[in-house]
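Undergrad: here is a sequence together with a model predicted from it:
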Amino acid sequence: MDQFQIKPLFGGSEILWYTPTNVTLWMGFTVLAIIALLVLGTRGRAIVPSRSQSIAESMYGFIYKMVEDITGKQGLKFFPYIFTLFMFVLVANFLGLIPTSFTTTSHIAVTATLAFAVFFTVTILGFALNGFKFLGLFWVSSAPLPLRPVLAVIELISYFVRPVSHSIRLAGNVMAGHAVIKVFAGFAGALGLGAIAPIFAITAVYGLEVLVAAIQAYVFTILTCVYLNDALHPSH
């Protein structure tokens, strides 16, 4: 698990809140990669798009349609925030697949910050737009009356568990895949010339991790849209 260890960039062993670490470095690389793709890659705004412009426009259109389909026209004002979340998680996941890199989304501290930001934003927005009608989200009016209090408790617990599941799902999947690759790499190193099977296994798992990196960014984003829809339309 040493690949997930947080280390100061400039030596020493003590890590304070302001200490630059490998997490800081790779989060910075993530931001720079996003800027390179979305700003520098689209600066020409050509009618026949370049490869980078085509990728950027495809991602933009994909997330825009997702937000519109799930939250409706009312949710499009939050598109910049949701698109930023998607790009950060996606690029951080892919950068973590580079050998000797550091995967920032494998740490709960990072994913929990993103998840709790969504949770507090949705909760505050729900009360700001709907007042105490937002509490109707927990009252299942279609259920038989004797069951409604029980379901309300279940819905309330489910609501407060959202940021936990939102963050652990992303960090857990990313960490598990990288750990498996490291285990097979250890087998390959120990077997020497007879390491054909572990190398094939590493290749297969790495291909799966590329898929997981994209899927987890999609899942994180679509859950954000679903939670936002609850704030915009609690009666639904």
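TA: Yes, it's here.
Undergrad: which residues are in contact with residue 23?
TA: Going by CB atoms under 8 Å, 6 or more residues apart in numbering, residue 23 touches 6, 102, 104, 107, 109-110. For the C-beta atoms, the positions are set from N, CA and C on the backbone; glycine is no exception.
Undergrad: what stretches of this protein score poorly on pLDDT?
TA: Along the chain, segments meeting pLDDT under 70 span 1-3, 189-195, 235-236.
Undergrad: longest helix of this protein?
TA: helix 148-191 (DSSP state H).
Undergrad: which strands and helices sit next to that one?
TA: Contacts defined by 3 or more CB pairs under 8 Å, 6 or more residues apart in numbering; DSSP states H and E place helix 148-191 against helix 108-130, helix 196-232.
Undergrad: and these as JSON lines, adding distance to residue 86 and mean neighbour count?
TA: As requested, those are exported to JSON lines (distance: least, CB to CB, whole Å; neighbours: other CB atoms under 10 Å):
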{"stretch": "helix 108-130", "distance to residue 86": "11", "mean neighbour count": "17"}
{"stretch": "helix 196-232", "distance to residue 86": "4", "mean neighbour count": "17"}
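Undergrad: need those in CSV (columns: distance to residue 12).
TA: Output for the helices and strands packed on helix 148-191, formatted as CSV (distance: least, CB to CB, whole Å):
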stretch, distance to residue 12
helix 108-130, 20
helix 196-232, 32
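Undergrad: which among those is found nearest to residue 54?
TA: helix 196-232 (16.8 Å; CB to CB).
Undergrad: just the element for the nearest residue to residue 221 once chain neighbours are set aside, please.
TA: Spatial nearest neighbour of residue 221, excluding adjacent residues (CB to CB, 6 or more residues apart in numbering): residue 86 at 4.2 Å. Using DSSP states H and E, residue 86 falls within helix 79-95.
Undergrad: could you dump stretch 10-19 to CSV, C-alpha only?
TA: Output of stretch 10-19 as CSV, limited to C-alpha atoms (Å, rounded to 0.1, in the frame of the first residue of the first chain):
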residue,chain,number,x,y,z
PHE,A,10,10.6,18.8,0.0
GLY,A,11,11.7,16.2,2.5
GLY,A,12,11.0,15.8,6.1
SER,A,13,8.4,13.5,7.8
GLU,A,14,6.0,16.0,9.4
ILE,A,15,2.9,16.9,7.3
LEU,A,16,1.0,20.0,8.3
TRP,A,17,-2.1,21.5,6.6
TYR,A,18,0.1,23.8,4.5
THR,A,19,2.8,21.2,3.6
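Undergrad: check the contacts of residue 23 and tell me the two furthest apart.
TA: Using CB to CB, the contacts of residue 23 span at most 13.0 Å, a distance reached by 102 and 109.
Undergrad: kind regards, and thank you for your time.
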